[in-house]
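J.: All I have is the shape, not the residue letters:
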């Protein structure tokens, strides 16, 4: 796997993860209703597009 693939996956994860977090957790984030469960959901929301992007890059190279 090339370095560029990881950087692209990070960019995709930041963009898509932020949009998805705003859609799914907008009320809790901006009302200050923070919890461990919410933080876990936020982290997972960034991990999923990262994994999908990295996997698709790997399959395209292969």
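T.: Yes, it's here. Bear in mind the structure is a predicted one, so any value in this text is a computation, not a measurement.
J.: Name the nearest residue to the residue nearest in space to the middle of the chain, sequence neighbours excluded.
T.: Centroid check for the chain by CA atoms, centre = their mean gives residue 46 as the closest residue, at 1.8 Å. Nearest non-adjacent residue to residue 46, counting by CB to CB, 6 or more residues apart in numbering: residue 17, 3.6 Å away. C-beta here means a position set from N, CA and C on the backbone, and glycine is covered the same way.
J.: how about that neighbour, what does it touch?
T.: 45-46, 48-50 (CB atoms under 8 Å, 6 or more residues apart in numbering).
J.: residues of the one helix or strand it maps to that come out buried?
T.: Using DSSP states H and E, residue 17 sits in helix 3-30. Going by neighbour count (16 or more other CB atoms under 10 Å), the buried part of helix 3-30 is 5, 9, 12-13, 16-17, 20-21, 28.
J.: What average pLDDT does that helix get?
T.: For helix 3-30, mean pLDDT is 94.
J.: picking up where we left off before, which ones among the contacts of residue 17 are found in helices?
T.: 45-46, 48-50 (DSSP state H).
J.: for residue 32, helix, strand, or coil?
T.: Here residue 32 takes the coil state, with states given by DSSP: H, G, I helix; E, B strand; the rest coil.
J.: Check the gap between it and residue 45 for me.
T.: In this view, residue 32 and residue 45 are 19 Å apart by CB to CB, to the nearest Å.
J.: what's the answer for residue 16, then?
T.: From residue 16 to residue 45 the distance is 9 Å (CB to CB).
J.: Also residue 58?
T.: From residue 58 to residue 45 the distance is 21 Å (CB to CB).
J.: And the residue nearest to the centre of the chain, what's its pLDDT?
T.: Value for residue 46, per-residue pLDDT: 97.
J.: And the one 3 residues further on, by the same measure?
T.: At residue 49 the predicted local confidence, pLDDT, stands at 97.
J.: got it, and the one 4 residues further on?
T.: The predicted local distance difference test score for residue 53 is 96.
J.: Residue 32 and residue 45 - which one has more neighbours?
T.: residue 45 (20 against 6; other CB atoms under 10 Å).
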